[in-house]
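S.K.: here is the input, now give the coordinates:
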Amino acid sequence: MNAGLLTKKPLHPHWQTECWTEDGYSLDYLAGFVDIRNHPKVGREASGLGRNCDTFDCVRHWAYKAIR
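M.R.: The predicted structure follows:
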């Protein structure tokens, strides 16, 4: 059984990738476009075990209450 694509590789010849600049962006530059003061994830620790584990840790508290 094939689950399908998990991600697209931008440099694969199947995809048409557009590069708008030769220079990379720094995190400081990109942070100027984002307001995270009231973001709910501020101060939350990630488990570091992977995306699925992090998602489970994030929604399990709601799910435990919802099932009761």
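S.K.: now R60: which helix or strand?
M.R.: Using DSSP states H and E, R60 sits within helix 51-67.
S.K.: pLDDT (mean, whole number) over that helix?
M.R.: In this model, helix 51-67 has a mean pLDDT of 84.
S.K.: helices or strands up against it?
M.R.: Helix 51-67 is packed against no helix or strand, with contacts defined by 3 or more C-beta pairs under 8 Å, 6 or more residues apart in numbering; DSSP states H and E. In this view, the C-beta of every residue, glycine as well, is placed from N, C-alpha and C.
S.K.: how about the CA coordinates for that helix, as CSV?
M.R.: Below are the C-alpha coordinates for helix 51-67, written out as CSV (Å, rounded to 0.1, in the frame of the first residue of the first chain):
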residue,chain,number,x,y,z
ARG,A,51,6.4,15.6,14.2
ASN,A,52,4.0,12.8,15.1
CYS,A,53,5.0,12.7,18.7
ASP,A,54,4.9,16.5,19.0
THR,A,55,1.4,16.6,17.5
PHE,A,56,0.2,13.9,19.9
ASP,A,57,1.6,15.8,22.9
CYS,A,58,-0.1,18.9,21.7
VAL,A,59,-3.6,17.5,21.2
ARG,A,60,-3.7,14.8,23.9
HIS,A,61,-4.8,17.1,26.7
TRP,A,62,-7.8,18.2,24.7
ALA,A,63,-8.6,14.7,23.6
TYR,A,64,-8.5,13.3,27.1
LYS,A,65,-11.1,15.9,28.2
ALA,A,66,-13.2,15.5,25.1
ILE,A,67,-13.5,11.7,25.5
